[in-house]
Structures are given as structure tokens and as C-alpha cells.
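**Q** Need a 3D model of the following:
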Amino acid sequence: MKYRHIVFDIDGTLIDTEYAVLHPLQDTLRAISGKEIPVSELTFALGITGKDALEILGIKDLSRAQGLWDTYWRGYADTVRVFDGIFELLDHLQRLGCRMGIVTSQTREEFRQNFCPFGIRPYFKTIIRAEDTREHKPSAAPLFKYLETAEADERQVLYIGDSPYDSQCAENAGIDFALAVWGSRQESIRADYFLKSPLDLITLIT
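**A** Here you go, the predicted model:
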């Protein structure tokens, strides 16, 4: 197989968190500014760190805003789910002997709270979170950190994500990129491969 390392983004790729990210962000902005910002205008926040999203929005008190966002998030936690086909995909990849990893914009606390309860954490050997690099997607830094930590050759790595930030991160790192069409809002994103469903990845790599 060409790809020995299959590396995933989390949000919009492994788990569906769109509703649970954007609606509490909308609630946070309403609480801070009194303004009602449509969710459709907040989709840029998908795929980057919460801090980066709040800075783009011009929020000055980042600590307060992040605290509110986290608090409101708890009210939407029951909307988060693992995408259909992900469990089957991870089992297949494990049987094929692929080394699986994660490169995410989630913080360690977000990872613990939002991802670990679904029971798929044990599949992944190397996990790069927001605190592990000074620069974040679309910078290549998170994928470079993965290569260093996993002692991987970039030619044997495939990164799978759903956002333009994921695509740009892979391109900047010189790593092949597959778009998770099942979780992406934008099919115009540059990618080496377009995967309509998780199990399409098995066909691709074998």
C-alpha cells in the first residue's frame, strides 16, 4: 500500500460537530454583543481553533468568550455523533495494518470532552492537538509535528479532512489530501481524492 499512515481531522470528518460548534458560538456572540448573527455566517469557524475563530470575529475578551462558548456547548453535546461508517472504516484500517493518527484544532480539554466519550480513541497512535504547535491549520506545522512524532515519511501519509484549512495544511506540508465529502460543506476544496463515504477510503488505499 502507498499509504502507511492514515491521519484524520476530527470535526466534520470522524464526528459530526457542526451544530454543536456553531450554535453555542452564536449564543456566545449574542450574550457578548446582543447581536443575532446567522449560523450561515459563522461556518468559517469550522476547522480552526476556537481562539482563532474568536479573534477573526474581533472579540477582545477571549477568555470570557471561550468560557461562554464552552458553557453553551454543553447544552448541545447530545447533537454530536460519530459519522456513519467510521467504526467500520477504523476496523478495516486496523486489520490492514495501517497506522492511524489525528491532527486536530481541538484543545486537549475539547478532545477529552468532545471526542473520547465515543470510544474510538484507542485506534489512534499519534494525536496532535492545538497545544502541540504554535501555529495551527492552515499552517503546515500540525502535520509536520505529526511526521516528527510518528517518525513518518510524508510520502506514506494521507490526511483526511473536511475544510479548506485541512486542505491547505496538507498542501503546505507536501502531504496528499482526501476530502471527507460526507462531512464537508464545500466540494470545491482542493483535494487529491474525494471520498463520498468513509468506506470509499478502503477502495482507495487497497
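
**Q** quick one: I202 and M1, what's the gap?
**A** Noted for I202: a distance of 11 Å to M1, by Cβ to Cβ, to the nearest Å. For every residue, glycine as well, the C-beta is placed using N, CA and C.

**Q** shared neighbours, those two?
**A** Any residue near both I202 and M1 by Cβ atoms under 8 Å, 6 or more residues apart in numbering counts here, and that gives L96.

**Q** of these two, who's got more company?
**A** For I202 versus M1, the count of surrounding residues by other Cβ atoms under 10 Å is larger for I202: 15 against 12.

**Q** Do you know the pLDDT at the more buried one?
**A** pLDDT, I202: 96.

**Q** Validate this expectation: it resides in a helix.
**A** Yes: counting by DSSP: H, G, I helix; E, B strand; the rest coil, I202 is located in a helix.

**Q** Tell me the spatial nearest neighbour of it, not counting adjacent residues.
**A** In space, and not counting its chain neighbours, I202 is closest to H92: 5.1 Å by Cβ to Cβ, 6 or more residues apart in numbering.

**Q** Just the element for that neighbour, please.
**A** In the assignment (DSSP states H and E), H92 maps to helix 86-95.

**Q** Give me the helices and strands touching the helix or strand following that helix, please.
**A** Next helix or strand after helix 86-95 toward the C-terminus (DSSP H and E): strand 99-103. Other elements packing on strand 99-103 under the criterion 3 or more Cβ pairs under 8 Å, 6 or more residues apart in numbering; DSSP states H and E are strand 5-8, helix 86-95, strand 124-128, helix 141-150.

**Q** Of all those, which one is nearest A180?
**A** Nearest to A180, of all those, is strand 5-8, at 8.3 Å by Cβ to Cβ.

**Q** Domain-wise, how is this protein divided?
**A** Here the domain assignment for the chain is 5-16+81-205, 18-79, based on automatic domain parsing.

**Q** isn't F144 right next to I175, touching?
**A** No: at 9.4 Å, F144 does not count as touching I175 under the criterion of Cβ atoms under 8 Å.

**Q** between the two, who's got more neighbours?
**A** I175 (25 against 20).

**Q** The longest helix along the chain: how far from the chain's middle?
**A** Secondary structure assigned by DSSP state H gives helix 18-33 as the longest helix of the chain. Offset of helix 18-33 from its chain centre (Cα atoms, centre = their mean, to the nearest Å): 19 Å.

**Q** Tell me the helices and strands packed up against that helix.
**A** helix 62-73.

**Q** in the helix it packs on, what's buried?
**A** The neighbour-count check on helix 62-73 (16 or more other Cβ atoms under 10 Å) flags A65, Q66, L68, W69, D70, Y72, W73 as buried.
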